[in-house]
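> dropping the sequence and predicted coords here.
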Amino acid sequence: MARFVYVQTRGRENPERCFTVFFMATVARALDHEAAIIFTQTGLSIFEPGFAENTAALDGSGKRLTDFIRIAEDQSVLLYGCRLSLPLVHLDPGGVAWPLEWIGAADFHELLLTADRTVYLS
């Protein structure tokens with residue numbers, strides 16, 4: 001079993017790029033690997049109230065970003081939010097409805113050091 005850490009650096013400015021990280025992480029879990037996602041830079045902006053609920057997948061399935069987040073949650077994908085990115089996206093951690101573990105730079109580096117594979121998505 002491998003440990004994958006995905007780093008999502010894009011958010012509301014590229015909504016079409018917000019789905020892949022959840023798909024990749026849940027596939028890793030389905031293959032019995034560990035998976036975690038770190039949301040940093042503007043990637044954290046997908047957790048602004050209303051964004052995930054109002055962002056539809058482009059595949060015509062009718063699914064919303066919230067569906068992908070819930071599936072990742074159900075598959076025990078670990079979700080991390082970079083505290084240093086909060087001012088960049090004007091987000092208050094108390095306003096985030098999703099269960100993110102808030103991390104700083106040292107935690108971020110520890111997650112990368114302990115991963116078997118790191119994938120950056122932007």
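Nice, thanks for sending it over. Numbers count the residues shown, from 1 in each chain.

> straight-line length of stretch 37-48, end to end?
Stretch 37-48 has its terminal residues 17 Å apart, counting by CA to CA, to the nearest Å.

> repeat that for stretch 69-88.
By CA to CA, one end of stretch 69-88 lies 22 Å from the other end.

> please enumerate the strands of this protein.
Taking DSSP state E, the strands of the chain run over residues 3-8, 34-39, 78-82, 101-103, 117-121.

> tell me the mean pLDDT for the third one?
Throughout strand 78-82, pLDDT has a mean value of 97.

> which elements pack onto that strand?
The criterion is 3 or more CB pairs under 8 Å, 6 or more residues apart in numbering; DSSP states H and E, and the helices and strands that strand 78-82 contacts are strand 34-39, strand 101-103, helix 105-114. Where C-beta positions appear, they are placed from N, C-alpha and C, glycine not excepted.

> can you tell me which of those comes nearest to A25?
Of all the helices and strands packed on strand 78-82, strand 34-39 sits nearest to A25, with 4.1 Å by CB to CB.

> spatially, what comes nearest to I71 if we skip its sequence neighbours?
Nearest residue to I71, sequence neighbours excluded (CB to CB, 6 or more residues apart in numbering): T26, at 5.5 Å.

> ok, now L111?
The shortest distance from L111 to any non-neighbouring residue, by CB to CB, 6+ apart, is to V5 (5.4 Å).

> so that neighbour touches L112, yeah?
Yes. Here V5 reaches L112: they are 6.2 Å apart, a contact under CB atoms under 8 Å.

> next, show the common contact partners of the two.
Here V5 and L112 share the contacting residues T118, scored by CB atoms under 8 Å, 6 or more residues apart in numbering.
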